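1. With the sequence up front, the predicted model follows.
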Amino acid sequence: MLHVVLVEPEIPPNTGNIGRLCLATDTHLHLVKPLGFSLSDKELKRAGLDYWKDVRVSVWESYAELQAAQSADARYFYLTTKVQRPYWDEQFRDGDFLVFGRETKGLPEPLLESNRDRCLTIPMTPQTRSLNLATSVGIVLYEAVRQLRKS
């Protein structure tokens, strides 16, 4: 099973849409606090439709807590606009964690610096600063799913 991690997500409809993506791909969604909304937020549930109750979701107090709860050989990939290595160059495996940052700031710089060899990007034209978080998750998650179904 794949894992999607949202570190400090801020916008409820993005998280709701990502929850639907996770349900559609049998992926575990991990939310790392602080969250910019309540899990009972109407916007979150509206975006997740009536699927939200079926999403496999875990909420963590910190990113360190999430990592400590996983096996030592878990692989984490950090999505960022600050590197050149495209996501499609990675060979994803069952059990991988795809880690995304909050909508306004992305992932913390120290986290990226300490994991440079696991940072990936979604290539885009220079005129584009970034993509919507739910769109980004969908792009990378479905590439991982495609690779796993192909192998």
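-> Looks like it came in fine.

2. Could you measure from residue 23 over to residue 146?
-> Taken as Cβ to Cβ, to the nearest Å, the spacing of residue 23 relative to residue 146 amounts to 18 Å. (Each C-beta comes from the backbone N, C-alpha and C, glycine too.)

3. Those two: who's more crowded?
-> residue 23 (19 against 12; other Cβ atoms under 10 Å).

4. before we move on, what SS does residue 59 have?
-> strand (DSSP: H, G, I helix; E, B strand; the rest coil).

5. Give me the neighbour count for it.
-> Number of residues near residue 59 (other Cβ under 10 Å) recorded here: 12.

6. Next up, the contacts around it.
-> The contact partners of residue 59, taken as Cβ atoms under 8 Å, 6 or more residues apart in numbering, are 30-31, 33, 35, 39.

7. export those to TSV and tack on pLDDT, distance to residue 99 and secondary structure?
-> Written out in TSV, the entries for the contacts of residue 59 read as follows (pLDDT from 0 to 100; distance: Cβ to Cβ, whole Å; DSSP: H, G, I helix; E, B strand; the rest coil):
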residue	pLDDT	distance to residue 99	secondary structure
30	98	9	strand
31	97	12	strand
33	97	15	coil
35	93	16	coil
39	82	20	coil
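
8. most neighbours, which of these?
-> Neighbours here mean other Cβ under 10 Å. Within the contacts of residue 59, the largest count is held by residue 30, at 23 neighbours.

9. contacting residues around the closest residue to residue 66 other than its chain neighbours?
-> Spatial nearest neighbour of residue 66, chain neighbours left out: residue 60 (4.2 Å); criterion: Cβ to Cβ, 6 or more residues apart in numbering. Applying Cβ under 8 Å, 6+ apart, we find residue 60 in contact with 30-33, 66, 69.

10. same thing but 10 Å
-> 5, 7, 30-33, 66-69 (Cβ atoms under 10 Å, 6 or more residues apart in numbering).

11. where does it land on pLDDT?
-> Among the per-residue scores, residue 60 shows a pLDDT of 98.

12. for the contacts of residue 59, which one is nearest residue 95?
-> For residue 95, the closest of the contacts of residue 59 turns out to be residue 30, at 13.0 Å, with distances computed as Cβ to Cβ.

13. right, and that closest one touches residue 62 too?
-> No - contact status for residue 30 versus residue 62: not in contact, 11.6 Å apart, counting by Cβ atoms under 10 Å.
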